[in-house]
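Q: What shape does this take:
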Amino acid sequence: PSVGLHPSDVENLTHLFTELAERDNTVLVVEHDPVVIRAADRVIELGPGAGAAGGTIVADGTPSEVVRRRGATQRAFASTSREFGSSLRVPTGHLRVRGARANNLRNVQVDVPLGVLVAVTGVSGSGKSTLAVNVVYRTLARHFGALDVEAPGPHDAIDGVEQLKSVALVDQAPLGRTSRGNAATYTKAWDFIRASFAKEPAARARQLSPAHFSFNVQGGRCDTCSGEGFETVEMQFLADVRLVCPVCRGRRFKDVVLAIRHRDMSISDVLDATVNEILERFPEVAIARALGPVARLGLGYLRLGQPLSTLSGGEAQRLKLARVLADDHRGALLILDEPSAGLHADEVRAVLGALDVILKAGGSVMVVEHDLDLVAAADFVIDLGPGAGADVTAAQSPSTDRSTRVRTSAEIFALGLEALIEGLKLTMRTESSRA
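A: Residues are numbered from 1 along each chain as shown. Purely as a prediction, here's the structure:
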C-alpha cells in the first residue's frame with residue numbers, strides 16, 4: 001500500500017491501519033516500507049530468497065524480534081542508514097525545461113543535468129511523473145521520431161535536446177497481456193537459443209530451422225494448443241479454466257522438435273529453466289549480454305518460459321531495465337518512474353548498480369522516486385511541492401561533497417528517518433519492559 005507514496009503520506013497510512021485494527025478488524029499488509037513494518041503488531045517474513053529459493057517462513061514475531069533475526073526485514077531497516085561519503089558525479093550538460101504547465105505543474109522552469117543521476121521528488125500529486133514523463137519524455141521521444149508516443153503536456157520549450165541521441169522510459173506498465181511473451185523472447189535471448197538448437201546435427205538431419213523451435217509460429221509447435229502448453233476452456237458463468245494440453249503435456253512442441261538436445265537440454269527444458277541456470281549452461285556472449293542484466297537486477301529466479309503477464313509490477317520494470325542495459329548508453333537519457341516500487345532494499349541496491357553502469361557508459365538517468373536509498377544516491381534533486389499541485393521548491397546544484405547539500409527532500413526524509421529509528425528503539429524498550 002505504500003507504493004507511490006511520499007514518506008509523509010506513509011505515516012498517515014499507518015494511522016488508518018491502526019484505526020481499523022482498533023475497530024475490531026484484522027489488517028494484513030504486504031509491505032517493504034520500514035515505517036509500516038514498525039507500526040505492525042506482528043511481522044511474518046518469507047524467504048530466505050526469491051523464486052525457488054523462497055516460500056518458507058523464516059521469521060514470525062514482533063518488529064523488534066524479527067529485526068534481531070538479521071533477515072530480509074533487518075536488511076530493510078539497516079539500509080536506511082545513509083552513507084554520503086562518495087563524491088558527486090559532474091554533469092556533462094543540461095536540459096532546460098521552460099514553462100511546463102501540464103496537470104499540476106505551474107509554469108515550471110528547471111534545469112535537468114545530464115550525465116548524472118537526477119531524482120525528482122515531492123509528495124504524491126506534486127507533478128513528478130507529469131514533469132518527467134508527460135513533458136520531458138514525450139517531448140524527447142517525439143523529437144527522436146517515436147510517433148506512437150502521446151502528445152507531450154503543455155510547455156514552452158525544452159532546450160539542449162541536441163546533446164542527446166536517444167531517450168527511453170522504464171515504468172511499471174504491464175509488458176504483455178498474453179501468455180506468449182516471456183523473459184526469453186523479451187530479452188531477445190530466445191533468438192540465439194533457437195538458432196543454437198537448429199545447428200545441432202540431429203536438427204539439420206531433420207531439416208529443422210530456427211522457426212521450428214518457436215512456439216509462436218506453425219511448424220514445430222504443438223498443433224493442439226498452438227504452442228501454449230495448455231488449453232483454455234471458456235466457462236459461461238465462471239472464470240475460464242486452463243488445462244494442460246493432452247498432446248504435448250505442457251511441453252509446447254511436437255515430439256520431433258523435443259527430441260533435439262542442445263547442451264543435454266530439450267527446447268522445453270530450456271523454457272522450464274531459470275535465468276541463472278541458463279547463464280551457467282550457455283556461456284556464449286550473446287546469452288550473457290541478454291540475460292546477464294536480468295540476473296544482476298535480482299531476477300535470476302525467473303523461468304525463461306514464465307509469461308510476462310504473470311510478472312509483478314516491480315519484476316516487469318526491472319525486466320525493462322535489463323533490456324535497456326543491453327543497449328548503447330552513450331548520449332541516452334533513461335527516465336524511470338518509481339523504479340523502487342514494490343522492491344526490497346536488496347533489490348533497490350541492485351537497481352542502483354544498474355544505473356551506475358548506464359552513467360559510466362555515458363548515459364543520463366532521471367528517476368521519479370520516494371525511496372530514501374535512491375534519493376540519497378542521486379547527484380541532483382528536483383523537489384516539487386511543498387504540497388500537491390505546486391512549484392519546484394528546490395533544485396539542488398551538484399557539489400563536491402554530499403554533506404553540503406541544501407535541505408531538499410533527501411534531507412527532509414533523513415530527518416523523518418531518525419524519528420523512525422528512535423521509534424523502533426522505543427518499541428523494543430517497551431516490549432522489553434512488558435516482558
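Q: Could you pull out the strands in this protein for me?
A: With DSSP state E as the criterion, the chain has strands at 43-47, 56-61, 93-100, 108-114, 117-122, 157-159, 166-170, 230-233, 241-244, 332-337, 364-368, 380-385, 391-395.
Q: helices or strands up against the longest one?
A: Here strand 93-100 is seen to pack against strand 108-114, strand 157-159 when contacts are counted using 3 or more Cβ pairs under 8 Å, 6 or more residues apart in numbering; DSSP states H and E. (C-beta placed from N, C-alpha, C; glycine too.)
Q: so what strands line up beside that strand?
A: strand 108-114 (antiparallel), strand 157-159 (antiparallel) (DSSP bridges).
Q: Give the buried residues for that strand.
A: Going by neighbour count (16 or more other Cβ atoms under 10 Å), the buried part of strand 93-100 is 94, 95, 97, 100.
Q: Can you check the pLDDT for the residue nearest to residue 182 when sequence neighbours are not counted?
A: Setting aside the residues directly before and after it, residue 182 is nearest to residue 305 in space (Cβ to Cβ, 6 or more residues apart in numbering), at 5.3 Å. Residue 305 is assigned a pLDDT of 92 by the prediction.
Q: correct me, but residue 305 touches residue 272?
A: Yes - with contact defined as Cβ atoms under 8 Å, residue 305 counts as touching residue 272 (6.2 Å).
Q: Please report how far the closest residue to residue 175 other than its chain neighbours lies from residue 189.
A: In this structure, residue 175 finds its nearest non-sequential neighbour in residue 308, 4.1 Å apart by Cβ to Cβ, 6+ apart. Separation of residue 308 from residue 189 (Cβ to Cβ, to the nearest Å) stands at 14 Å.
Q: Save the strands of the chain as a markdown table, and put in mean pLDDT and distance to residue 151 too.
A: Output for those, formatted as a markdown table (pLDDT from 0 to 100; distance: least, Cβ to Cβ, whole Å):
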| stretch | mean pLDDT | distance to residue 151 |
| --- | --- | --- |
| strand 43-47 | 91 | 44 |
| strand 56-61 | 91 | 49 |
| strand 93-100 | 93 | 14 |
| strand 108-114 | 92 | 18 |
| strand 117-122 | 91 | 21 |
| strand 157-159 | 95 | 14 |
| strand 166-170 | 92 | 15 |
| strand 230-233 | 84 | 38 |
| strand 241-244 | 88 | 40 |
| strand 332-337 | 94 | 17 |
| strand 364-368 | 95 | 20 |
| strand 380-385 | 87 | 22 |
| strand 391-395 | 56 | 23 |
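Q: where does the stretch 51-200 of the chain dip in pLDDT?
A: 79-86, 177 (pLDDT under 70).
Q: So which of residue 305 and residue 272 has more stuff around it?
A: residue 305 (20 against 15; other Cβ atoms under 10 Å).
Q: distance from the centroid: which residue in the protein tops it?
A: residue 205 (43.6 Å; Cα atoms, centre = their mean).
Q: so residue 192 sits right up against residue 284, yeah?
A: Yes - counting by Cβ under 8 Å, residue 284 is a contact partner of residue 192 at 6.9 Å.
Q: Contact partners for residue 138?
A: 149, 150, 151, 152, 153 (Cβ atoms under 8 Å, 6 or more residues apart in numbering).
Q: In helices only, show me those residues.
A: Among the contacts of residue 138, no member falls in helices (DSSP state H).
Q: In ChimeraX, select just the buried ones from those.
A: If you want just the buried ones from those in ChimeraX, going by 16+ other Cβ under 10 Å, the selection is:
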select :149,152,153
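Q: For the residue lying closest to residue 378 once chain neighbours are set aside, list each beta-bridge partner.
A: Closest residue in space to residue 378, ignoring its immediate chain neighbours: residue 119 at 3.7 Å, by Cβ to Cβ, 6+ apart. Beta bridges link residue 119 to residue 367, residue 381 when assigned by DSSP bridges.
Q: quick one on the thing from earlier: so which of the helices and strands packed on strand 93-100 gets nearest residue 345?
A: strand 108-114 (26.5 Å; Cβ to Cβ).
Q: Return the set of buried residues in that closest one.
A: For strand 108-114, by 16+ other Cβ under 10 Å, it's 108, 110, 111, 112, 113, 114.
Q: Tabulate the contacts of residue 138 in TSV, adding columns for distance to residue 166.
A: Below are those laid out as TSV (distance: Cβ to Cβ, whole Å):
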residue	distance to residue 166
149	13
150	18
151	20
152	17
153	21
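Q: thinking again about what came up before, from what I can see the residue nearest to residue 378 touches residue 375, true?
A: Yes - shown here, residue 119 and residue 375 form a contact pair, counting by Cβ under 8 Å, at 4.9 Å.
Q: just for the stretch 251-400 of the chain, where's the confidence low?
A: For the stretch 251-400 of the chain (pLDDT under 70), the answer is 387-400.
Q: repeat that for 80
A: The stretch 251-400 of the chain contains residues with pLDDT under 80 at 313, 342, 372-373, 385-400.
Q: so which of the strands paired with strand 93-100 comes closest to residue 210?
A: Nearest to residue 210, of those and by Cβ to Cβ, is strand 108-114 at 40.5 Å.
Q: The stretch 1-150 of the chain: helices as residue ranges?
A: 7-22, 34-39, 63-68, 72-78, 128-129, 138-143 (DSSP state H, counting those that start in this stretch).
Q: which other helices and strands contact the shortest one?
A: Contacting helix 128-129 under the criterion 3+ Cβ pairs under 8 Å, 6+ apart are the following elements: strand 117-122.
Q: what angle do the strand it packs on and strand 93-100 make?
A: 20 degrees (axes from the mean of the first three to the mean of the last three Cα atoms, to 10 degrees).
Q: Tell me which residues of strand 117-122 come out buried.
A: So strand 117-122, judged by 16+ other Cβ under 10 Å, has buried residues 117, 118, 119, 120, 121, 122.
Q: Then stretch 58-78?
A: For stretch 58-78, a neighbour-count test (16+ other Cβ under 10 Å) marks 58-59, 62-64, 66-67, 71-74, 76-77 as buried.
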